[in-house]
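Enquirer: Build the 3D model from these lines:
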Amino acid sequence: MGSATCTWPVPSGLVNRQAVPRSASIILTESIIDAVTLYDQGFTNVIPAYGVNGVTRIILFSLTAR
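Expert: Sure thing, here's the model as predicted:
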């Protein structure tokens, strides 16, 4: 028996779209849990990056479309 490999699909984007136009600065976190934790603590200008190599085109577009 071989070992099973689990691959996760590339996220299409959980983006806090309200943060970009309403904030002077954006906090880009490495993971979703980091973003949710900060949001829960009152930091509403957070966007998760899905890991070190996880910045999606949706996130880049959201940040550059100011």
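
Enquirer: Report the separation between the spatially most central residue of the chain and residue 61.
Expert: Centroid check for the chain by C-alpha atoms, centre = their mean gives residue 48 as the closest residue, at 1.9 Å. Distance of residue 48 to residue 61, computed by C-beta to C-beta, to the nearest Å: 15 Å. C-beta: built from backbone N, CA, C; applies to glycine.

Enquirer: And for residue 46?
Expert: According to C-beta to C-beta, residue 46 and residue 61 sit 17 Å apart.

Enquirer: Among these two, which residue is more densely surrounded?
Expert: For the pair residue 46 and residue 61, the greater number of neighbours falls to residue 46 (20 against 12), based on other C-beta atoms under 10 Å.

Enquirer: State the pLDDT value of the more buried one.
Expert: Note on residue 46: pLDDT of 88.

Enquirer: cool, and residue 65?
Expert: 65.

Enquirer: where in the chain is pLDDT low?
Expert: Low-confidence segments of the chain (pLDDT under 70): 1-15, 17, 65-66.
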